[in-house]
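> Here is a sequence with its predicted model. Questions after.
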6 protein chains.
Amino acid sequence: MSMVKMVEYDDAPPEVKAVYDDIMATRKSDWVNNFWKTLASHPPTLRRIWTGVKDVMSPGSLDPLTKEMIYVAVSASNNCEYCIHSHIASARAKGMTDEMLGELLAVVGMSNQTNRLANGYQIPVDAQFKPVP
Amino acid sequence: MSMVKMVEYDDAPPEVKAVYDDIMATRKSDWVNNFWKTLASHPPTLRRIWTGVKDVMSPGSLDPLTKEMIYVAVSASNNCEYCIHSHIASARAKGMTDEMLGELLAVVGMSNQTNRLANGYQIPVDAQFKPVP
Amino acid sequence: MSMVKMVEYDDAPPEVKAVYDDIMATRKSDWVNNFWKTLASHPPTLRRIWTGVKDVMSPGSLDPLTKEMIYVAVSASNNCEYCIHSHIASARAKGMTDEMLGELLAVVGMSNQTNRLANGYQIPVDAQFKPVP
Amino acid sequence: MSMVKMVEYDDAPPEVKAVYDDIMATRKSDWVNNFWKTLASHPPTLRRIWTGVKDVMSPGSLDPLTKEMIYVAVSASNNCEYCIHSHIASARAKGMTDEMLGELLAVVGMSNQTNRLANGYQIPVDAQFKPVP
Amino acid sequence: MSMVKMVEYDDAPPEVKAVYDDIMATRKSDWVNNFWKTLASHPPTLRRIWTGVKDVMSPGSLDPLTKEMIYVAVSASNNCEYCIHSHIASARAKGMTDEMLGELLAVVGMSNQTNRLANGYQIPVDAQFKPVP
Amino acid sequence: MSMVKMVEYDDAPPEVKAVYDDIMATRKSDWVNNFWKTLASHPPTLRRIWTGVKDVMSPGSLDPLTKEMIYVAVSASNNCEYCIHSHIASARAKGMTDEMLGELLAVVGMSNQTNRLANGYQIPVDAQFKPVP
């Protein structure tokens, strides 16, 4: 159970309802998930995060599926149960197969491994990898 | 400086030289970076990690650039200075622009933010996101 | 269920009972929570951690509510379910409202986001921010 | 050195200059720090993060110094060198003394310690700490 | 429930069955745990991880119990519920007592604490601790 | 440079000098490292952490070298540059070879990898691994 009372659509003040409506319209969906119903306990956070997520996840020089997979990679690395579930669901809806998830998590596992080898051994960055001023 | 002595090509025992040769052949490159020269202080680790990275990063249902960007995402999230440098260099060599890096890190930042909101509020996973048995 | 058997008051050896008594006296409470009943499986840890928490969380140049909120911030950032629950409960008992929790977690989310942008881009520290020797 | 070219005021496009002007006006300062000059390589991120930080860090039910100390707590816990420097500088400018920093980092250290004890022992949350539905 | 369908022995393709057989033979056990049944959804990951774990955890200059305790230390620090359970079980099977677990987690807690003090204060490494070139 | 002024022996107040003397006597050494000279800016933290480290790291059911290696494992996993240096130095002084460090970091890398696979796939804990009530 969430640490605060979630806000259902029918009980929501107008500023919250407006965000819920935009979430459903943007996603062509008829429900709002628990993440937003919890953030609605603090309306400025609800509005700021929703606006940010909508901007960041919209198509750009990276396509939406790639962005969802990066979101899954970070969430798996940080162990956010909610985010793993919600973003794997979104990525599947955009075409991610079990095979793709397998490759994605293989990279997540490998990078977590080599990150610790590089840090544990305190390996100095090669001059060739440094950005040219 | 690394916590162990790095192994240069000319001083390397045959099993290490064989891995160095495969690294350079696979990458069509004429040098070996500090990561491998440090792991060579423990040859079983050098061989195991190189074989694993080669497998995991080769083309599959995800293309090599997408895999490099996932590697960057995890490394930035974990703050591995060496890995951020080496994998941004690899991703640039495969076509990543500043604009793409900007979008990538925007997703990394946003997911790190919402991961903590979901965990901090202990938001329960919606039934709709749970895998069907 | 805890990975070790929790120690109930009536079964506790004298050194553990003494800590339990001090916990209840300090908190003006009549029960001991699972954290201490689990640490009691290793009495030196129970005593060391209780003494430390009591010292660190007592009023000083920071007030106890501010300290509890910092505890919540770190626990949310690290995703410790037990600590999020117990320290949000303590902070609420000291006066934290939903509005204050909302602002607290907004800062936690934002700092987790900008931490990764600063690390991902490897931004150099401005000379103005460096301590003067 | 940053992974991208930082954008100086005189070279900045109008949308970036407008953000820089707002940063300096808000902070009553005459310079822009490296964090923003780096984010300016991706203007939508610059604008989104600046707007977010400005909102989140403004006075509310928590005062600005408390918010800065929470920012320091998270940044120290995550080991973001840039953020530790910049937010300790901000907190000092708002009145944080060495004594207060000492107490702040003592809580950060203690919570990182007990977070791992609670997770390592997998301690179950007491019913008394669970939110009432 | 796992995010993918777990693969039971009787439904497994030959390459997966071969790994399962090796797991059971190596461990002198008659069952395969959920970790491997989940990785089997992506056979190259199953094979790579099993081979790696088998190599890394076999006796060397460190004995198997010490290796299991290091595994527990990292898993507790990262909060991996599955890994905490499975590796504490393995360590107990190799002789770890409650007293040893208590000392192990005490070191895990203490190092997580001092890691943040060292990072939060940005303490410079003493020349005496630096490796000699 | 540390975020606070380090306290040298000759400038230290008596309570700090007493801790420094105990550190040098315990370690049979004639100098105090930067970690303690920085914590001395907040004497209660200096005393509490030194007492705790001395207790936790002293011989018990685990020997001092095993404890140092666990400290290195956690510090490498968390990327604490100071702690990696100081605890690898301590472990070497107690007999750790490059070969042992290689095996230690191999386990650290592998556990960081499998932690993310277990979390990313949300693998349920087998009943066989659960503690018996």
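It's in. Computed from a predicted model, the values in this text were never measured in an experiment.
> all contacts plus neighbour counts: C-alpha atoms, from now on.
Fine.
> Break chain A down into its domains, please.
If you go by automatic domain parsing, the domain ranges for chain A are A:1-58, A:59-120.
> can you list those domains in a markdown table and add distance to chain D?
A markdown table is the format used below for these (distance: least, C-alpha to the nearest C-alpha, whole Å):
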| stretch | distance to chain D |
| --- | --- |
| domain A:1-58 | 6 |
| domain A:59-120 | 11 |
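> Any chance of those domains in JSON lines with mean pLDDT and mean neighbour count as columns?
Output for the domains of chain A, formatted as JSON lines (pLDDT from 0 to 100; neighbours: other C-alpha atoms under 10 Å in any protein chain shown):
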{"stretch": "domain A:1-58", "mean pLDDT": "97", "mean neighbour count": "17"}
{"stretch": "domain A:59-120", "mean pLDDT": "98", "mean neighbour count": "23"}
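> closest to C:P13 out of those domains?
Set against C:P13 and scored by C-alpha to C-alpha, the domains of chain A come closest in domain A:1-58, at 35.7 Å.
> so, in contact with chain C or not, the closest one?
Yes: using C-alpha under 8 Å from any C-alpha of the partner chain, domain A:1-58 reaches chain C at A:M3, A:V4, A:S41, A:H42, A:T45.
> Show me the subset of the residues you listed that also lies near chain B.
For chain B, the contacts drawn from these by C-alpha under 8 Å from any C-alpha are A:M3, A:V4.
> can you tell me how far A:V19 sits from B:S111?
Per C-alpha to C-alpha, to the nearest Å, A:V19 is found 20 Å from B:S111.
> hang on, I meant A:R27
Distance from A:R27 to B:S111, by C-alpha to C-alpha: 19 Å.
> what does A:A93 give?
From A:A93 to B:S111 the distance is 19 Å (C-alpha to C-alpha).
> And for A:A76?
For A:A76, the distance to B:S111 - C-alpha to C-alpha - is 11 Å.
> Show me where chain A has its helices.
Under the criterion DSSP state H, chain A carries helices at the ranges A:14-27, A:34-39, A:43-57, A:64-78, A:81-93, A:98-120.
> How about the last one and chain C, any contact?
If I follow you right, that is helix A:98-120. No: Helix A:98-120 is not in contact with chain C by C-alpha under 8 Å from any C-alpha; minimum separation 13.3 Å.
> Show me what that helix packs onto, helices and strands only.
Helices and strands touching helix A:98-120, by 3 or more C-alpha pairs under 8 Å, 6 or more residues apart in numbering or on different chains; DSSP states H and E, are helix A:64-78, helix B:43-57, helix B:64-78, helix B:81-93, helix F:64-78, helix F:98-120.
> Please apply the same query to the first one.
Where contact means 3+ C-alpha pairs under 8 Å, 6+ apart, helix A:14-27 is packed against helix A:43-57.
> change it to 10 Å
helix A:34-39, helix A:43-57 (3 or more C-alpha pairs under 10 Å, 6 or more residues apart in numbering or on different chains; DSSP states H and E).
> Alpha carbons of it, as CSV, please.
This file holds the C-alpha atoms of helix A:14-27, laid out as CSV (Å, rounded to 0.1, in the frame of the first residue of the first chain):
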residue,chain,number,x,y,z
PRO,A,14,-9.7,20.1,-11.2
GLU,A,15,-5.9,20.5,-11.6
VAL,A,16,-5.4,16.8,-11.0
LYS,A,17,-8.3,15.8,-13.3
ALA,A,18,-6.7,17.8,-16.1
VAL,A,19,-3.5,15.9,-15.8
TYR,A,20,-5.3,12.6,-15.6
ASP,A,21,-7.3,13.5,-18.7
ASP,A,22,-4.0,14.4,-20.6
ILE,A,23,-2.4,11.1,-19.5
MET,A,24,-5.4,9.1,-20.8
ALA,A,25,-5.6,11.1,-24.1
THR,A,26,-1.9,10.9,-24.7
ARG,A,27,-1.9,7.1,-24.1
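> That helix to helix A:43-57, inter-axis angle?
Helix A:14-27 runs at 20 degrees relative to helix A:43-57, counting by axes from the mean of the first three to the mean of the last three C-alpha atoms, to 10 degrees.
> contacts for helix A:14-27?
Residues from elsewhere that reach helix A:14-27, judged by C-alpha atoms under 10 Å, 6 or more residues apart in numbering or on different chains: A:7-12, A:28-33, A:36-37, A:39-44, A:46-47, A:50-51, A:54.
> so which residue of chain A comes closest to chain C?
A:H42 (5.5 Å; C-alpha to the nearest C-alpha).
> so what's the backbone phi/psi at that residue?
phi -140, psi 90 (degrees, to the nearest 10).
> can you tell me which residues contact it?
Contact analysis of A:H42 by C-alpha under 10 Å, 6+ apart lists A:V4, A:V7, A:V16, C:D98, C:E99, C:M100, C:L101, C:G102, C:E103, C:L105, C:A106.
> Look up how far chain B lies from it.
A:H42 sits at a distance of 11 Å from chain B (criterion: C-alpha to the nearest C-alpha, to the nearest Å).
> Likewise for A:K54?
A:K54 sits at a distance of 11 Å from chain B (criterion: C-alpha to the nearest C-alpha).
> Also A:D63?
10 Å.
> residues in contact with that residue?
Here A:D63 is in contact with A:M57 (C-alpha under 10 Å, 6+ apart).
> A:W50 against A:V32, yeah?
No: judged on C-alpha atoms under 10 Å, A:W50 makes no contact with A:V32 at a distance of 11.9 Å.
> could I get stretch A:41-53 in PDB with only the CA atoms?
Taking Å, rounded to 0.1, in the frame of the first residue of the first chain, the C-alpha atoms of stretch A:41-53 are listed here in PDB:
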ATOM      1  CA  SER A  41      -1.200  13.600  -3.300                       C
ATOM      2  CA  HIS A  42       1.200  16.400  -4.200                       C
ATOM      3  CA  PRO A  43      -0.200  18.200  -7.300                       C
ATOM      4  CA  PRO A  44       2.900  20.200  -8.200                       C
ATOM      5  CA  THR A  45       4.900  16.900  -8.400                       C
ATOM      6  CA  LEU A  46       2.200  15.200 -10.500                       C
ATOM      7  CA  ARG A  47       2.200  18.000 -13.000                       C
ATOM      8  CA  ARG A  48       6.000  18.400 -13.200                       C
ATOM      9  CA  ILE A  49       6.700  14.700 -13.500                       C
ATOM     10  CA  TRP A  50       4.000  14.100 -16.100                       C
ATOM     11  CA  THR A  51       5.100  17.000 -18.200                       C
ATOM     12  CA  GLY A  52       8.700  15.800 -18.000                       C
ATOM     13  CA  VAL A  53       7.900  12.200 -18.800                       C
END
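> picking that back up, tell me the one among the contacts of A:H42 nearest to F:P124.
Taking C-alpha to C-alpha as the measure, F:P124 sits nearest to A:V4 out of the contacts of A:H42, at 27.0 Å.
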